[in-house]
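Engineer: Quick one, fold the following:
(one chain, ligands or ions: 1)
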Amino acid sequence: MDEQESLPPHVLIFPLPLQGPVNSMFKLAELLCFSGLHITILLTENIHNRLVLHTDITSRFDQCPGFQIKTISDGLPDDHPRDGEKFLEVFDSLRTKTKTLFKDMLISDSLCVDLDGEVRRRVVSCIIADGVLGFTCDVADEINVPIFCVRTISSCCLWIFFCLPELIESGEYPFKDDNLDEPIKSVPGTETFLRRRDLPEFCRSGDLTDPNIQLFKTEGQENSRAYGLILNTFEELDQPILNQMRTICPNLYPIGPLHAHLKKKQTTLRSSSNSLWAEDRTCIDWLNDQLPNSVIYVSFGSIATMTNDQLIEFWYGLVNSKQNFLWVIRPNSIGGEEWKSKMPVDLVKGTKERGYIVEWAPQEEVLAHPAIGGFWTHCGWNSILESVYEGKPMICWPYFFDQQVNSRFVEKVWGLGLDMKDTCDREIVEKMVKDLMVLRKQEFLGRANHMSKLAKNCLMEGGSSYSNFDRLVKDIKSLSN
Ligand code: UDX
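Structural biologist: Just a heads-up that it's a prediction; the model follows:
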């Protein structure tokens, strides 16, 4: 055995530079650290700078030898917005400019972990990269290092991406007319409930040259190039879809819900935040004064935006429902700042009586709070898993991407809430909030509690995610030798 093989494996983790994926990949990194592996997490400079601003990211792993953060350029100028529509430019730049830097970093020894000062250095022995960053598979092949892919979006949406070639080849897509309620036929396992309107919003354009379609239609091929595919879900939630996916990627590691998996193993490292915004903890004090299951938590994640009109409709719906609400209105999520000074008086009054608004909340803690009885969410995958784990029913207002699919699964497959997609009307909001929080409360809470138990059990010794994670660590160790 040479000296490198006698050292623990050194895993390089490369997340997609977005809040959701960065969150999940940090959690995976921490889990692997607990298992004694050496970890380098590679962040784009932009994400690193934002994390340093709001979190204790640099000191967090002080107790963890063999953990380091390295940065790489995403190839874009500092003032590039890197969100909304412009995010596709980040993909392009990563593919064209970052790929070369990435390979150079791996073949130079700049990513080595220093052990015992400079005496022993461990080179990267395995890569774990976001599956959207297909170029990492090319580089891994070129330098002969094993690679695992991770997809941090929902498996139900990933399965649709896997089926895009079939949708196109069968002639079903592009759709022949505008009927969004027409069932989808070419996605095995979803025939009875999936409609055109439940596909990611970019599928509605019917344009095969849409850059999103181009990007995602090769997902199945790209992800199956890796040794295995790590997923943030659990067998009991997603088994039918996972079984479909195994026909294309046989080696799956469903190890979620990651946020809870990490908490279970967190014995030595401090519990931590990866937030790109400062958390306003005053909402926890406010929640402490509320009755159990009495508050609906409203948050549309880290990317979704809304217009002023949508804001007003949502706000009237919430106030008119007469339920207490905690609402995250993220900076820049509404066009301009004028809304703050132009609010109708009845909304301001209604909010003072039963609402609390923050710019960013400690969401996991909020969802775990007994006062929260429901979650009105944009259906980002992390938000859904956090809600499922805590047994909170959901109202879904999907914004884009996997969220359109996720919201359909929440209502029709898991029975955990109501899908409000494609509507934005104060009366619908009022009705759904009342249904979730009052009229159908027991029905939804019953199912949410059941799913929450399954989520908790899968992380116990011998549970599905626990065992899949064990298998992942064993496989990384054997491939690293
Ligand atoms: C993006 C995509 O939009 C989504 O569809 C995909 O599933 C994952 O990446 P994002 O908007 O970041 O999603 O939503 P989500 O996946 O729900 O992640 C948001 C994270 O921010 C969650 O972990 C949540 O706990 C956290 N959050 C959100 C806070 O900590 N505080 C808040 O106030 C709001």
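Engineer: Only C-alpha atoms from now on, for both contacts and neighbour counts.
Structural biologist: OK.
Engineer: Do a quick rundown of the strands in the stretch 51-200 of the chain.
Structural biologist: Here the stretch 51-200 of the chain has its strands, by DSSP state E, counting those that start in this stretch, at 67-72, 113-115, 120-122, 126-130, 147-151.
Engineer: Tabulate these (a markdown table), appending distance to the ligand and mean neighbour count.
Structural biologist: As requested, the strands of the stretch 51-200 of the chain are exported to a markdown table (distance: least, CA to the nearest ligand atom, whole Å; neighbours: other CA atoms under 10 Å):
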| stretch | distance to the ligand | mean neighbour count |
| --- | --- | --- |
| strand 67-72 | 20 | 17 |
| strand 113-115 | 29 | 18 |
| strand 120-122 | 32 | 18 |
| strand 126-130 | 12 | 25 |
| strand 147-151 | 10 | 27 |
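Engineer: can you put those in TSV and add mean pLDDT?
Structural biologist: Formatted as TSV, those follow (pLDDT from 0 to 100):
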stretch	mean pLDDT
strand 67-72	94
strand 113-115	79
strand 120-122	77
strand 126-130	97
strand 147-151	97
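Engineer: Looking at the ones you listed, which is nearest to W277?
Structural biologist: Closest approach to W277 among the strands of the stretch 51-200 of the chain is made by strand 67-72 (19.6 Å; CA to CA).
Engineer: In this structure P331 contacts E359, no?
Structural biologist: Yes - using CA atoms under 8 Å, P331 is in contact with E359, at 6.2 Å.
Engineer: what's the residue of the stretch 151-300 of the chain found nearest the ligand sitting at in phi/psi?
Structural biologist: Residue of the stretch 151-300 of the chain nearest the ligand, by CA to the nearest ligand atom: I153 (4.3 Å). I153 adopts backbone torsions of phi -80, psi 180, taken as degrees, to the nearest 10.
Engineer: for it, what are its contacts?
Structural biologist: Residues in contact with I153 (CA atoms under 8 Å, 6 or more residues apart in numbering) are 21, 232, 380-381, 402.
Engineer: Restricted to strands, list those residues.
Structural biologist: Of the positions in the contacts of I153, not one sits in strands, assigned by DSSP state E.
Engineer: Return only those of the residues you listed found close to the ligand.
Structural biologist: Applying CA under 6 Å from any ligand atom to these, one finds that 21, 380-381, 402 fall near the ligand.
Engineer: Now render those residues as JSON lines, adding pLDDT.
Structural biologist: Below are the ones next to the ligand among the contacts of I153 laid out as JSON lines (pLDDT from 0 to 100):
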{"residue": "P21", "pLDDT": "88"}
{"residue": "G380", "pLDDT": "95"}
{"residue": "W381", "pLDDT": "95"}
{"residue": "D402", "pLDDT": "96"}
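Engineer: most surrounded residue in those residues?
Structural biologist: Comparing the ones next to the ligand among the contacts of I153 by number of neighbours (other CA atoms under 10 Å), G380 comes first, having 27 neighbours.
Engineer: I figured it was touching G301, is that so?
Structural biologist: Yes - at 6.7 Å, G380 and G301 qualify as touching, with contact defined as CA under 8 Å.
Engineer: So which of the ones next to the ligand among the contacts of I153 are in helices?
Structural biologist: Within the ones next to the ligand among the contacts of I153, residues falling in helices by DSSP state H are 21, 381, 402.
Engineer: The last one: what's it in contact with?
Structural biologist: With CA under 8 Å, 6+ apart as the criterion, the residues that contact D402 are 153-154, 157-158, 199-200, 380-381.
Engineer: can you rerun that using 6 Å?
Structural biologist: Residues in contact with D402 (CA atoms under 6 Å, 6 or more residues apart in numbering) are 157, 200.
Engineer: circling back to that earlier point, turn the ones next to the ligand among the contacts of I153 into CSV, columns for distance to L418.
Structural biologist: CSV is the format used below for those (distance: CA to CA, whole Å):
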residue, distance to L418
P21, 25
G380, 15
W381, 16
D402, 16
